[in-house]
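K.L.:
kindly return the folded structure for what I paste below:
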Amino acid sequence: MIEYPLNPTTPRSHLPFSPCTKVGPLIFVSGQASVDDAGGIISDTFEGEMRRAVANLQKILHAAGSTLKHVVQTRNYVHDPRDLQEFNRLYRELFSAPYPARTTITSCLTEALKFEIECIAVVP
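P.N.:
Prediction:
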(Lines give C-alpha, C1' and ligand atoms only; values in the text may rest on other atoms or scores of the structure.)
Protein backbone atom coordinates (compact mmCIF):
# COMPACT_ATOMS: atom_id res chain seq x y z
CA MET A 1 0.00 0.00 0.00
CA ILE A 2 1.26 3.48 -0.87
CA GLU A 3 0.75 6.23 1.73
CA TYR A 4 1.31 9.99 1.56
CA PRO A 5 1.94 11.03 5.17
CA LEU A 6 1.36 14.70 5.94
CA ASN A 7 0.75 16.79 9.03
CA PRO A 8 0.06 20.50 9.56
CA THR A 9 3.79 21.36 9.65
CA THR A 10 4.63 19.53 6.42
CA PRO A 11 5.91 22.09 3.91
CA ARG A 12 3.61 22.23 0.88
CA SER A 13 4.39 23.18 -2.69
CA HIS A 14 2.27 24.55 -5.50
CA LEU A 15 4.15 22.18 -7.83
CA PRO A 16 2.69 18.76 -8.77
CA PHE A 17 4.48 16.38 -6.38
CA SER A 18 4.00 14.78 -2.97
CA PRO A 19 6.43 15.81 -0.26
CA CYS A 20 6.66 12.17 0.83
CA THR A 21 5.65 8.73 -0.34
CA LYS A 22 5.74 5.77 2.04
CA VAL A 23 5.72 2.16 0.84
CA GLY A 24 5.92 -0.37 3.65
CA PRO A 25 8.90 0.63 5.80
CA LEU A 26 10.47 2.79 3.06
CA ILE A 27 10.05 6.57 2.94
CA PHE A 28 10.87 8.59 -0.17
CA VAL A 29 11.11 12.34 0.47
CA SER A 30 11.00 14.80 -2.43
CA GLY A 31 13.57 17.55 -2.67
CA GLN A 32 13.39 19.99 0.23
CA ALA A 33 14.71 23.52 0.06
CA SER A 34 14.68 26.67 2.13
CA VAL A 35 10.92 27.25 2.00
CA ASP A 36 8.17 28.18 4.43
CA ASP A 37 5.17 25.93 5.15
CA ALA A 38 3.35 27.30 2.10
CA GLY A 39 6.30 26.57 -0.22
CA GLY A 40 7.55 30.16 -0.47
CA ILE A 41 11.32 30.41 -0.93
CA ILE A 42 13.26 31.92 1.98
CA SER A 43 16.57 33.28 0.70
CA ASP A 44 19.43 33.11 3.17
CA THR A 45 23.12 32.29 3.47
CA PHE A 46 24.14 28.82 2.30
CA GLU A 47 24.16 27.63 5.92
CA GLY A 48 20.74 29.14 6.62
CA GLU A 49 19.24 27.56 3.52
CA MET A 50 20.78 24.16 4.23
CA ARG A 51 19.61 24.17 7.85
CA ARG A 52 16.07 25.17 6.82
CA ALA A 53 15.97 22.50 4.09
CA VAL A 54 17.09 19.80 6.54
CA ALA A 55 14.56 21.06 9.12
CA ASN A 56 11.86 20.65 6.46
CA LEU A 57 13.19 17.16 5.76
CA GLN A 58 12.90 16.37 9.48
CA LYS A 59 9.27 17.56 9.58
CA ILE A 60 8.39 15.26 6.71
CA LEU A 61 10.25 12.29 8.19
CA HIS A 62 8.48 12.86 11.52
CA ALA A 63 5.07 12.80 9.78
CA ALA A 64 6.07 9.45 8.23
CA GLY A 65 7.28 7.98 11.55
CA SER A 66 11.03 8.37 11.07
CA THR A 67 14.02 10.61 11.83
CA LEU A 68 17.31 11.73 10.31
CA LYS A 69 18.97 8.78 12.08
CA HIS A 70 17.03 6.44 9.81
CA VAL A 71 17.99 8.07 6.51
CA VAL A 72 19.77 5.56 4.28
CA GLN A 73 20.48 7.77 1.25
CA THR A 74 20.54 11.47 0.41
CA ARG A 75 20.77 13.36 -2.84
CA ASN A 76 22.10 16.86 -2.42
CA TYR A 77 22.02 19.75 -4.84
CA VAL A 78 24.46 22.62 -4.24
CA HIS A 79 24.13 25.67 -6.47
CA ASP A 80 27.68 26.97 -6.09
CA PRO A 81 30.62 24.50 -5.97
CA ARG A 82 32.44 27.00 -3.73
CA ASP A 83 29.94 26.02 -0.98
CA LEU A 84 31.04 22.35 -0.91
CA GLN A 85 33.40 22.77 2.03
CA GLU A 86 30.63 24.36 4.11
CA PHE A 87 28.18 21.73 2.86
CA ASN A 88 30.45 18.92 4.12
CA ARG A 89 30.97 20.67 7.48
CA LEU A 90 27.20 21.05 8.00
CA TYR A 91 26.46 17.55 6.71
CA ARG A 92 28.80 16.08 9.36
CA GLU A 93 26.92 18.06 11.99
CA LEU A 94 23.41 17.18 10.81
CA PHE A 95 23.92 13.49 10.00
CA SER A 96 25.71 10.92 12.13
CA ALA A 97 28.45 8.47 11.22
CA PRO A 98 28.22 6.05 9.62
CA TYR A 99 26.70 8.49 7.17
CA PRO A 100 23.91 7.70 4.71
CA ALA A 101 24.86 6.84 1.15
CA ARG A 102 25.12 10.16 -0.65
CA THR A 103 25.20 11.85 -4.03
CA THR A 104 26.02 15.54 -4.37
CA ILE A 105 25.53 17.52 -7.56
CA THR A 106 26.70 21.10 -8.07
CA SER A 107 25.84 23.91 -10.47
CA CYS A 108 22.33 22.57 -10.94
CA LEU A 109 19.87 24.87 -9.14
CA THR A 110 18.35 28.14 -10.23
CA GLU A 111 19.66 31.37 -8.73
CA ALA A 112 16.71 31.30 -6.29
CA LEU A 113 18.09 28.32 -4.32
CA LYS A 114 21.49 27.60 -2.84
CA PHE A 115 20.68 24.07 -1.61
CA GLU A 116 18.17 21.24 -1.91
CA ILE A 117 18.08 17.75 -0.38
CA GLU A 118 16.00 14.61 -0.93
CA CYS A 119 16.27 11.26 0.82
CA ILE A 120 15.23 7.69 1.29
CA ALA A 121 14.67 6.59 4.88
CA VAL A 122 13.19 3.67 6.78
CA VAL A 123 10.62 3.52 9.55
CA PRO A 124 12.38 2.20 12.67
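K.L.:
C-terminal to the helix or strand that R92 is a member of, what's the next element?
P.N.:
Using DSSP states H and E, R92 maps to helix 84-94. Note on helix 84-94: by DSSP H and E, the next helix or strand toward the C-terminus is strand 101-106.
K.L.:
from the contact counts, what lies against that following strand?
P.N.:
Counting contacts by 3 or more CB pairs under 8 Å, 6 or more residues apart in numbering; DSSP states H and E, strand 101-106 is packed against strand 71-78, helix 84-94. To be clear about C-beta, it is placed using only N, CA and C from the backbone, and glycine gets the same treatment.
K.L.:
what about the longest helix in the protein?
P.N.:
Longest among the helix segments of the chain by residue count, using DSSP state H, is helix 46-63.
K.L.:
and G31, that one's in a strand?
P.N.:
Yes - G31 forms part of a strand when assessed by DSSP: H, G, I helix; E, B strand; the rest coil.
K.L.:
what about it, neighbour count?
P.N.:
19 (other CB atoms under 10 Å).
K.L.:
rewinding a little: got TSV for the helices and strands packed on strand 101-106, with distance to S107 and mean pLDDT too?
P.N.:
As requested, these are exported to TSV (distance: least, CB to CB, whole Å; pLDDT from 0 to 100):
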stretch	distance to S107	mean pLDDT
strand 71-78	8	98
helix 84-94	11	98
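K.L.:
for H70, what are its contacts?
P.N.:
61, 121-124 (CB atoms under 8 Å, 6 or more residues apart in numbering).
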